[in-house]
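J.: Next input, structure requested:
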Amino acid sequence: SSSISNSVAVTGTNSEWTSGYVYLGYMNPGRHRLSINNGGAFTTTSTCDIGVYCNSNALTLADPGSSLTCNNYRLGYSSMDNQCIVSNGARLVVNNSSSLATVVEGGLTTVTITGAGSLWTNNVDFDFDDGSNLLQIISGGRLADNDGYVQGNNGSPDTVVVAGTNSMWYSTANLYLADSGTRLFITNGGTVSDNIAYIGENSGNNNCFALVDGAGSLWTNNDKLNDGALYLGVSGATNTLMVSDSGEVAAPDIYVNNNSLLAVANSGTLLAVRDIYNGSSGGLYIGNNSSPNQMVISNNAVVNVGFLLQIGNFLQASTQTSNTVTISGGTMIVSNSITVGTSGSLVLNSGTFRGGVFSISNYSMQTNAIVFHGGTLQAGGINYTFSSYPLPLLVGDGFHSATFQMGTNANNLNAGIFSGGFNVSSNAWLMGGGIVNGNVTVYSGGTFAPGITNLASVTVNGNLLLNNGSATLMGLQPYTASACSVQGLTNVVYGGTLQLTNLGGSYLAGQSYQLFSAGQYSGAFTGISPATPGSGLLWNTYALGVNGTLRIVSTNQAPPTISGVAQSGGSLTITGTGGLAYDPCYLLTSTNLAMPNWTLVATNYFDATGTVNFTNPVSPAELQRYFALQPN
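T.: Numbers count the residues shown, from 1 in each chain. I've put the predicted structure just below:
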C-alpha cells in the first residue's frame, strides 16, 4: 500500500505460494509485479485483486506447469494501465464458488493469453468492462467462461483480439458486445464459440463492431442442446459484423436490426446459417423488428441459409425505410423460402442468388422487392401476398448480364409458380420451367429459354411478346418427338430469332414439334438457327402461326397436284391436294402453254389435310386458259 515497484516471483517446479485474499497493488503509486513461471504455483482460497486504486501493476504467468488458482479474480478496479499475461503454456484458474463474475475493468487494462497450452478458465461469467481495455487471445492461447461480456464505458470502447491458429475464446453460454464502439477481431485462424451472441445489446450500445477475417477464422454461435443465435443490433443501433478473406461465421439464426450492417466479402468467406451440431434448418432475418438494415455480399463470398431468409417484416408500416440484402459478386443460397416484407428489398448486382419461393408483401413499393440488375437469380416461385395485380419482374437493367432461372425448387426445373410475369431486358435471360401468372415480354437483346436443357415446359397464363432483336431458345428431342414448350398463352407475338438445340436423336422429314400453345398467334420469327435441320431437310414454320407447331420437311417434297376442277356459272373452282398443312399455295395462270407467261392469280393455304381450293371468275369469251399450283 502506498509504495512503488515491489515484486514477487514464484518460480521453479514445486515452488508454491498459498494465501488468502491477495492484493497486487493497493492504492497508488503502484508498478508492482507478481511473476509465476517455470512451474511455480500460486493458490488463493479467496480473491486475487490486481490494481485497486493503483496503476501499472502486472501479473505474469509463464511456462508449462505454472499456475494461478483463485476463488475470485478482479483486475484494474478504479485504476489504469494494469496487465495480466498468461503465456507459454501457463494456466489461470478461477474456481468461483460464490458466483461472482471475473472482472477486468479500469482503463487501458491489458489481458494477454498467448502460446500453445496457455489457458484461462472461469467457471463463472467473464466481465471485460470499463473503457479502452484490450483483451488479446493469440498464438494458441485460450479463454473459457460461462457468459462473456465486452462492455466498455462512456464512449471508451474495449477491444478483443482472437488471432492465430488454435487461439480460442469459448463461452459455454452467451457472448455480449454491449457498449458503444466495442470491437471484436477474430483473425488469422482464431476461433470464438458461444451459444448466443449479442452485438449492441442494450439501448445506447451503438457502433459495436465485429470482424471475422482470414483463413481458419471462425465464430460459431451454437450449442449441442440449444439452438443458439447471433443478434446484430438488439436495442443498440448502427452495429456492424464483417466477415471477410475466408473467415467463417455459423449460427442457427441470425438477426440484423436497428440500422445495422452485415457484410460478407471476398473469396473463401462463408456465412452459414444452420445448426452445426444437429443439421437443422436456420433463419436469417434482416430487419425483422426495425429498420433500416443492410446485408452486403461481395467478391465471391458465400452465404448459406439452411431454411428461411426474411427481409423486412410483414407487420411493418409500408412507409418504413427499406431493409436491404445486396449481392455484388458473391453467392447466397437459401435452402427453402424467402419472405420480403413491406420494407424489404433484395438487390442483385452480380453474382448468384439461389432460393426457394419468394413470398412478397412489398405492395407499396413492389418494384423494389426484387431489384435485379445483373448476375444469376434462381427461384422456386414468386408469390405476392397482398397484390391482386402484381407488376412484372424486370430481369436485368439492360446493361449487365442477367439470368433468371425459374423453378429451382428441389432441383426440379418444372416446379414453381411465378406471379406478375417478367420483362426481360437486353443482355438478360429468362429460362427454366414453371407457371407464370402474368405476361412475359422479351425486349430486343433479351433471351427467352424455356427448359432449354431438359424439355421443361412453361405455362404462361397471359401474353408472350417476343420483340424483334430478341432470341428464343428451345430444345428438341427427335428420338422421343418431344420439345420444350410454352403453353396456356392468350396471345403470342413472334419476333426475333428462334434458336433450336438438338437434345438427342436425328431429324427426319415429317417430324413436328408444338412449341407454343395459344389462343391467338401473330408475327413471325425473323430467322431460325441452325438454318436447316440437316442435309435435304428444311424447317417449315407456317404452322407456327396456326397452332404453334414447327415441322421438318424434305427438300424433295412431292409437289401438290390439281385434283379437281369445277365450273359453276362464271366461276371456276380448282382443288389441289398433297400439300403441306397450313403452308401457303399460289395459283398461277397463263393463256399460252407453248410460251407461258405465268402470273399470280390468288394465294390460299392448305388445310390440315393438305387440301386447298381456289375459286376465280372465268370469261366465256376466252378460248383457253391454263392453271398451275405453286407451293411455297
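
J.: Can you read off the pLDDT for residue 156?
T.: pLDDT, residue 156: 77.

J.: Against residue 54, how distant is it?
T.: The spacing between residue 156 and residue 54, counted by CB to CB, to the nearest Å, is 20 Å. No exception for glycine: its C-beta is placed from N, CA and C like everyone else's.

J.: out of the two, which sits in the more crowded spot?
T.: A count of neighbours by other CB atoms under 10 Å puts residue 54 above the other of residue 156 and residue 54, at 29 against 15.

J.: what about the residue nearest to that one when sequence neighbours are not counted, neighbour count?
T.: Distances taken as CB to CB, 6 or more residues apart in numbering put residue 25 closest to residue 54, at 3.7 Å, once the chain neighbours are dropped. Per other CB under 10 Å, the neighbour tally for residue 25 reads 30.

J.: Provide the strand pairings for the host helix or strand of residue 25, with the direction of each partner.
T.: Residue 25 belongs to strand 22-26 when assigned by DSSP states H and E. Partner strands and pairing direction for strand 22-26 (DSSP bridges) are strand 47-52 (parallel).

J.: Tell me the helix or strand right after the strand it pairs with.
T.: Assignment by DSSP H and E places the next element after strand 47-52 at strand 58-62.

J.: Quick one: work out the angle between that next one and strand 47-52.
T.: Between strand 58-62 and strand 47-52, the angle comes out at 130 degrees (axes from the mean of the first three to the mean of the last three CA atoms, to 10 degrees).

J.: which other residues reach strand 58-62?
T.: 24, 32-38, 48, 50, 67-68, 75, 82-88, 90-92 (CB atoms under 8 Å, 6 or more residues apart in numbering).

J.: tell me the mean pLDDT over it?
T.: Average pLDDT, strand 58-62: 98.

J.: Would you mind confirming that residue 418 is in contact with residue 433?
T.: No - Residue 418 lies out of contact with residue 433 (CB atoms under 8 Å); the separation is 10.4 Å.

J.: Compare those two (neighbour count), which wins?
T.: A count of neighbours by other CB under 10 Å puts residue 418 above the other of residue 418 and residue 433, at 29 against 26.

J.: Give the intersection of the neighbour lists for residue 418 and residue 433.
T.: residue 406.

J.: May I ask which helix or strand encompasses residue 296?
T.: Applying DSSP H and E as the criterion places residue 296 in strand 294-298.

J.: which element follows that strand toward the C-terminus?
T.: strand 302-305.

J.: Direction included, what does that next one pair up with?
T.: With DSSP bridges as the test, strand 302-305 is paired with strand 270-273 (parallel), strand 323-334 (parallel).

J.: thinking again about what came up before, can you give me how far the strand holding residue 296 is from the chain middle?
T.: In terms of CA atoms, centre = their mean, to the nearest Å, the centre of strand 294-298 is set 10 Å apart from its chain centre.

J.: same check, this time on stretch 301-311
T.: In terms of CA atoms, centre = their mean, the centre of stretch 301-311 is found 6 Å from the chain centre.

J.: measure it end to end?
T.: Stretch 301-311 has an end-to-end distance of 19 Å (CA to CA, to the nearest Å).

J.: circling back: ranking the strands paired with strand 302-305 by mean pLDDT, which is last?
T.: Ranked by mean pLDDT, the strands paired with strand 302-305 bottom out at strand 270-273, with a mean of 88.

J.: how many neighbours does residue 559 have?
T.: When neighbours are defined as other CB under 10 Å, residue 559 has 11 of them.

J.: returning to that earlier point: then the strand holding residue 296 to PDB, C-alphas only?
T.: Extracted as PDB, the C-alpha positions of strand 294-298 are listed here (Å, rounded to 0.1, in the frame of the first residue of the first chain):
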ATOM      1  CA  GLN A 294     -28.300  -3.800 -44.700                       C
ATOM      2  CA  MET A 295     -26.600  -7.000 -45.700                       C
ATOM      3  CA  VAL A 296     -23.900  -6.900 -48.400                       C
ATOM      4  CA  ILE A 297     -22.400  -9.900 -50.000                       C
ATOM      5  CA  SER A 298     -19.500  -9.300 -52.400                       C
END
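
J.: same question for that strand, mean pLDDT?
T.: Here strand 294-298 scores 96 as its mean pLDDT.

J.: separation between residue 417 and residue 357?
T.: If you go by CB to CB, the gap between residue 417 and residue 357 works out to 8 Å.

J.: Who is the most centrally placed residue in the chain paired with across the strands?
T.: Nearest to the mean C-alpha position of the chain, by CA atoms, centre = their mean, lies residue 332 at 2.2 Å. On the basis of DSSP bridges, residue 332 is bridged to residue 303, residue 353.

J.: How about the contacts made by it?
T.: By CB under 8 Å, 6+ apart, the contact list for residue 332 reads 297, 302-303, 305, 309, 325, 351-355.

J.: what stretches of the stretch 301-450 of the chain score poorly on pLDDT?
T.: Scanning the stretch 301-450 of the chain for pLDDT under 70 picks out the ranges 314-321, 362-367, 387-388, 408-415.

J.: ok, now with 80
T.: 313-321, 342, 362-367, 386-389, 407-415 (pLDDT under 80).

J.: cool, the stretch 51-200 of the chain as well?
T.: Along the stretch 51-200 of the chain, the model assigns pLDDT under 80 to residues 97-98, 131, 152-156.

J.: count of neighbours near residue 417?
T.: Around residue 417 there are 17 residues (other CB under 10 Å).

J.: Touching, it and residue 434? I think so.
T.: Yes - with contact defined as CB under 8 Å, residue 417 reaches residue 434; the gap is 6.5 Å.

J.: shared neighbours of those two, which are they?
T.: residue 381.

J.: mean confidence score for stretch 211-228?
T.: Per-residue scores along stretch 211-228 average to 85.

J.: start to end distance for it?
T.: One end of stretch 211-228 sits 19 Å from the other (CA to CA).

J.: Tell me which residues are up against that stretch.
T.: Contacts of stretch 211-228 from elsewhere in the structure, counted by CB under 8 Å, 6+ apart, are 165, 175, 183-197, 210, 229-230, 241-253, 268, 275-278, 280.

J.: Buried among those? Need that as a selection in PyMOL.
T.: Applying 16 or more other CB atoms under 10 Å to those, the buried members can be selected in PyMOL as follows:
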select buried, resi 175+183+184+185+186+187+188+189+190+191+192+193+194+195+196+197+210+229+230+241+242+243+244+245+246+247+248+249+250+251+252+253+275+276
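
J.: Narrow the contacts of stretch 211-228 to those in strands?
T.: Within the contacts of stretch 211-228, residues falling in strands by DSSP state E are 175, 183-187, 191-194, 196-197, 210, 229-230, 241-244, 248-251, 253.

J.: buried set for stretch 585-597?
T.: For stretch 585-597, a neighbour-count test (16+ other CB under 10 Å) marks 585-590 as buried.

J.: Centre of the chain to it, how far?
T.: The mean C-alpha position of stretch 585-597 is separated from the chain mean by 68 Å, CA atoms, centre = their mean.

J.: where do the helices sit along the stretch 401-550 of the chain?
T.: All helices of the stretch 401-550 of the chain, identified by DSSP state H, counting those that start in this stretch, fall at 544-547.

J.: what about the residue nearest to residue 54, distance to residue 146?
T.: Taken as CB to CB, the span from residue 25 to residue 146 is 27 Å.

J.: now residue 196
T.: Taking CB to CB, one finds residue 196 at 13 Å from residue 146.

J.: shared neighbours, these two?
T.: Any residue near both residue 196 and residue 146 by CB under 8 Å, 6+ apart counts here, and that gives residue 173.

J.: Report the secondary structure element holding residue 556.
T.: Counting by DSSP H and E, there is no helix or strand that carries residue 556.

J.: who's in contact with it?
T.: residue 536.

J.: if we go to 10 Å?
T.: 509, 536-537 (CB atoms under 10 Å, 6 or more residues apart in numbering).

J.: before we move on, back to that, what angle do the strand holding residue 296 and strand 323-334 make?
T.: Using the same axes, to 10 degrees, the direction of strand 294-298 lies 50 degrees away from that of strand 323-334.
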